[in-house]
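1. Task: produce atomic coordinates for the following.
(3 chains)
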Amino acid sequence: MITIEQLISQIEQRQPVLNKAELSPEQRRLSLEGIGNLTTANCRQLSFLSNPHYLSSLTNTHAGAVLITEEHHNEAPNDTVALIVAVPYLAYASVSQLFARQYSVSGIHPTAVIADSAIIGNHVTIGAFCVIGEQVQIGDRCVLEAHVVVEDNTTIGTDGVIKPQVVIGHDCVVGHHVRLYAGVSIGSEGFGFAPTSNPSVTGWERIAQLGRVLIGNHVRIGSHTCIDRGAIDDTVIGNHVIIDNLVQVAHNVRIGDGTAIAAHTGIAGSTSIGKRCIIGGAVGITGHIDITDDVTLSAMTMVTKSITTAGSYSSGTAAMPTANWRRAAVRFRQLGRN
Amino acid sequence: MITIEQLISQIEQRQPVLNKAELSPEQRRLSLEGIGNLTTANCRQLSFLSNPHYLSSLTNTHAGAVLITEEHHNEAPNDTVALIVAVPYLAYASVSQLFARQYSVSGIHPTAVIADSAIIGNHVTIGAFCVIGEQVQIGDRCVLEAHVVVEDNTTIGTDGVIKPQVVIGHDCVVGHHVRLYAGVSIGSEGFGFAPTSNPSVTGWERIAQLGRVLIGNHVRIGSHTCIDRGAIDDTVIGNHVIIDNLVQVAHNVRIGDGTAIAAHTGIAGSTSIGKRCIIGGAVGITGHIDITDDVTLSAMTMVTKSITTAGSYSSGTAAMPTANWRRAAVRFRQLGRN
Amino acid sequence: MITIEQLISQIEQRQPVLNKAELSPEQRRLSLEGIGNLTTANCRQLSFLSNPHYLSSLTNTHAGAVLITEEHHNEAPNDTVALIVAVPYLAYASVSQLFARQYSVSGIHPTAVIADSAIIGNHVTIGAFCVIGEQVQIGDRCVLEAHVVVEDNTTIGTDGVIKPQVVIGHDCVVGHHVRLYAGVSIGSEGFGFAPTSNPSVTGWERIAQLGRVLIGNHVRIGSHTCIDRGAIDDTVIGNHVIIDNLVQVAHNVRIGDGTAIAAHTGIAGSTSIGKRCIIGGAVGITGHIDITDDVTLSAMTMVTKSITTAGSYSSGTAAMPTANWRRAAVRFRQLGRN
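-> Numbers count the residues shown, from 1 in each chain, chains lettered A, B, ... in the order given. Next comes the predicted model:
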C-alpha cells in the first residue's frame, strides 16, 4: 500500500507536483494498491492521462487518484485525487516502481558457489545455484537471482538487478544501477575468424577475443540479448542505454549515452552508435560504420553506410496483399536490369 | 515398440481408421519401433504418404506399415500394412508422439529448491537445480526438467512440459498442456520507459511492469522466445497458440486462439493478433495495431498498420544477384525523390 | 607471457614465418603479454598489419612485435620485432589463442549431477550444476562450464568447449573441437504441427520430432543460437561451420562444410545450404530449398527460392531519410497494381 504522500515524494525526484500544497491531510494519507487504466482503475488504484485522446475516459474514471496536467485538471471527477504535473507519463513511470513486487529472497543462498577471492558488497542478494568466479567484485545492494554466472575477474557496480540465468563473462565491467533480464549474455566471444587460406582445408582460424565488455551506469538489457566481448579493444555500452530483448551487439561496437534499442535489432562488429539514438525493432546495422548522435531508425531498417546527419531514417516496404506484392517484387527486380 | 493396435487407438483420437475392420489379428499385433520416410523406412518402421508427389516411393517402400488415403490404397506393397485415413499427415502427427523418447527421470530431484508455500500436484517431475518460488502452483503430471525457474505466485496447469532453463516470472498464469522449450523467458519486464525530460540528463525513467503474462491451454513456445509481462494490463496468449524459437512478444500483446508464429518474428507492444493467423518467420509487427482473424503473413513481412481483412499479406524484395540488386536499390531510392 | 619462439611455433601450424632464421636469440626470447592495435600497442604487446590502409600507423608503432608481409617489412620501426608471413591476419588469429584467458577450474565440480551410465573421458572439466544424462559420452579434454545440460544418449567428441547454460538434447552427436557459447540450444524439438482439420477445434496436432542433431568437427555456435532436431531424419551441421549468435536453424536443415552464418539469420525447415557459403546477418531463408556451394548472401537478404549458381546475392532496400522513404514505399506499392 502506497500513500499519496509517498507518490509525491517519488514523483518529485523528477518533477514537481504543482498542486501539492492544496492537498488535504486526508488526501495525502490515502493509500493505493496499484495502477490501472482510466477506464478500469478502481478507487484503490492510481491512473494517469498522458494522451488527450483519452480525455473522455478521465471524466468517468473511478480511479482513486490521477496524474494529470494543469490543463485537464478540472475534468477529473471530484472524488478522485488529482496530482498535477508537467509530464504525467513520466510521473506514472516514477511511481510505477513503488508498486512493483519486491524480490522475496535476500542474502546469499547456501547453494551459491562463490570463489574465495570474490568480493561481495553489503546487502547483496545472491540466488540459488549462482556461480561467482575468482576476483569477481559485486557492489552493494546488488540482487542476483537464481542461476546467474559471473566469470572470473568481472566487476559489477552497486544496485544492480540481475535476473535468472544471466551469464557475464570474465574480465567485464558493469556499472551501477544496471538491470539485466533473464538469459542475457554479456562477454561471450565475438564472431572473429580468419580464413585458413589453405585450399585443402575449408576451415577457419578462430580469433580469440581478448577485449572486454564495458557497461555504463543505469543501463538496462533485455532477455536473451547478446553483447560480445571485443577482439582486441573493448565493446562499450554508455550510460543510460536501454536495450530490449533478443538484440545482438557484436564485438567492438560502441553505443553512446542514452540510446534506446528495440528487440531483434542487430549491430555488426566495430560499429559506433551515437548518443540519444532511437533504434526500432529488427533494425540491421552493418559493421565498421558510424551512426551520429540523435538518429532515429524505424523498425526493420537496413543501414549499410555511416549516417552523419541527425534525423529519422527508414527502409524496406510495408505489407500489402500477397498477389499485389508479387507483381511489385517482380517490377523491383526489373529495376535491377541494365 | 508400438503395435498397429496402439497406432489405431492414437489416430482415432483425431480421425477414424477406415479399414480397421479389415485388418487381421496378426496385422494388429505387428509392432513397430519408429517412423521413416517411404524411401528409407524398414519393415520395423511406419511411413506415410501425404503428398501425391511421392507416390512412386510408395510402390517401392519397405515400410512395415503406411498411413494412406483411400485413393492410393492399392498402390502400397502387399506386405506393408496400410492404414487408411482421410488425412495421413495428421495421423502421422498423432502417432509420432508414441515414438518419442520418454523423459527418463521422475519425481522431485533432491537438489531442487522449492518454497514451502508452493503447491505441487500429483505425479509431478521437477528436475535438478530447479527453483520454485513462494505460492507457486504446479498442476498434476507436469514435467519440469533441469534448471527451470518459476518465480513467486505463478500458476502452471496440468500436463505441462517445461524443458531446461525456462524462466517464468512472478504472478503469471500458464494453462494446461503447455510445452515450453529450452530457454523460454516468460514474464520478463516489458520495455517501457519515459524520457526524463530533463535536458541535463540523457536518461530514461523505468516503467515498472505491473501486469502479468496469461498463457492459455495447449500452447507451445519455442526455445529462447521471450514473452514480456504487461505494463498495467496483461500480455495474453490464447489457447492452441504455437510459437517457434527466438520470437519476441512484447508487453500487452494479445494473440488469438490457434495462431501460429514462426521463428524470429517480433510483435511490438500492445498489438493484438487475431485467431488462426499464420505468421511466417522474421515478420515484424509494429505496436498498437490490430491484426484481424485468419491473416497469413509471409516471412520477413513488415506490418506497419492494422490489417482488417483476412487474407495473405507480404512485403520486401527477394534475393537477386548483388550487382543487379545495387541498381534496383538505387532506383528504389530515386522513387523517393520529390 | 608468450615468447616470440612460442608465437612462431603457433603461427607455423598454418603458414611459415619467412624470416625466422634471421631472428636473434634475444628476439626469440622476447616475451609479450597481449595484442594491441598498431596505434595503441606497447612494447609488451604484439600487433599486425593486415590492411595497407594502416601503413602509416606501422611506422610509428610502439608494439614489441608485428606480424607483417614481406612487402611492408622495411617500414616497421627498428626496435620492433617483425615476423614476416604471407597472411598477417591469419597469423594474428593463430596467436590470439595463446593470449586468451585460461579457464580457471578443472575437474568435475562436486555439484554436477552425472548419470552413472555416462562415460566421461580423460581430463574433462565439468562445471558447477551441470546435469549429464544417461548413456552420455563426453570426449577427452572437454570443458563444460557451469549449468550445462546434456540429455540422455548424446555423444560429444574430444576437445569441446561448452560455455554456461548450453542445453544439448537427447540422442545428439557433437563432433570434436566444437565450441558452444552461452545459452546455445541444440536438439530442441522442431516446429512441426498438423492442423487438426476438425472445424470445431482451432488447434494443432504436435509432430513429435524423432530425428537428431548431428554436428561435425571444428564447429562453432554462438550464444542463444537454436538448432532444432529433425522430424524424422536428422538436422546436420558439417565440419568447420561457424555460426554467430541468435541464429535459428530449423529441423532437417543441412549446412555444408566451411559455411559461415552471421547473427540473427534464420533458416527454415528442410533447407540445404552448400559448402563455403558466407551468410550475412539477419538473412531469412525459406524452407525446402537448396542453396548451392560458394554462395554469399548479404545481410538481411530474403531468399525465397533455391540458388543453383555460386555468387553473391542480395535483397532489400537501404536506409534513407524517412520522408523520402515514405514516398518510395508508396511508389513500390503502386508497382503492385494491375
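
2. Would you map the helices across the stretch 1-150 of chain A?
-> With helices called from DSSP state H, counting those that start in this stretch, the stretch 1-150 of chain A shows them at A:4-11, A:25-29, A:55-59, A:88-96.

3. Point out where the stretch 1-150 of chain A drops to low pLDDT.
-> Residues of the stretch 1-150 of chain A that meet the criterion pLDDT under 70 lie in A:103-105.

4. Could you rerun that using 80?
-> A:102-105 (pLDDT under 80).

5. Write out the residues of it neighbouring chain B.
-> With C-beta under 8 Å from any C-beta of the partner chain as the criterion, the stretch 1-150 of chain A comes near chain B at residues A:14-15, A:34-37, A:40, A:86-87, A:89-90, A:92-94, A:96-97, A:99-101, A:104, A:109, A:111, A:127-129, A:145-147. Quick note: C-beta positions are derived from backbone N, CA and C, even for glycine.

6. So which of the helices of the stretch 1-150 of chain A is the most surrounded?
-> Across the helices of the stretch 1-150 of chain A, averaging neighbours per residue (mean count of other C-beta atoms under 10 Å in any protein chain shown) puts helix A:88-96 on top, at a mean of 24.

7. Next, the angle from that helix to helix A:4-11.
-> Per axes from the mean of the first three to the mean of the last three C-alpha atoms, to 10 degrees, the angle that helix A:88-96 makes with helix A:4-11 is 110 degrees.

8. what's helix A:88-96 packed up against?
-> Applying 3 or more C-beta pairs under 8 Å, 6 or more residues apart in numbering or on different chains; DSSP states H and E, one finds that helix A:88-96 contacts helix A:4-11, strand A:34-35, strand A:45-48, strand A:65-68, strand B:193-195, strand B:204-206.

9. Now do the last one: which elements does it pack against?
-> Here strand B:204-206 is seen to pack against helix A:88-96, strand B:193-195 when contacts are counted using 3+ C-beta pairs under 8 Å, 6+ apart.

10. chain center to the longest one: distance?
-> Between the centre of helix A:88-96 and the centre of its host chain there is 17 Å, according to C-alpha atoms, centre = their mean, to the nearest Å.

11. got any ranges where the stretch 201-338 of chain A has weak pLDDT?
-> In the stretch 201-338 of chain A, residues with pLDDT under 80: A:201-202, A:338.

12. what sits against the nearest residue to A:Thr309 once chain neighbours are set aside?
-> Among residues not flanking A:Thr309 along the chain, A:Thr292 sits closest, at 6.8 Å (C-beta to C-beta, 6 or more residues apart in numbering or on different chains). Counting by C-beta atoms under 8 Å, 6 or more residues apart in numbering or on different chains, A:Thr292 touches A:Gly274, A:Ile307, A:Thr308, A:Thr309, A:Ala310.

13. and A:Gly280, which of the helices and strands packed on helix A:88-96 is closest to it?
-> Across the helices and strands packed on helix A:88-96, A:Gly280 has its closest neighbour in strand B:193-195 (14.5 Å, C-beta to C-beta).

14. before we move on, back to that, and the residue nearest to A:Thr309, how far is that from C:Pro16?
-> According to C-beta to C-beta, to the nearest Å, A:Thr292 stands 45 Å off from C:Pro16.

15. With A:Ile307 instead?
-> Per C-beta to C-beta, A:Ile307 is found 44 Å from C:Pro16.

16. which of those two has more neighbours?
-> Each of A:Ile307 and C:Pro16 has its neighbours counted (other C-beta atoms under 10 Å in any protein chain shown); A:Ile307 has more, 20 against 12.

17. Report the separation between the closest residue to that one other than its chain neighbours and B:Ala115.
-> The shortest distance from A:Ile307 to any non-neighbouring residue, by C-beta to C-beta, 6+ apart, is to A:Ile291 (4.9 Å). Using C-beta to C-beta, A:Ile291 is found at 47 Å from B:Ala115.
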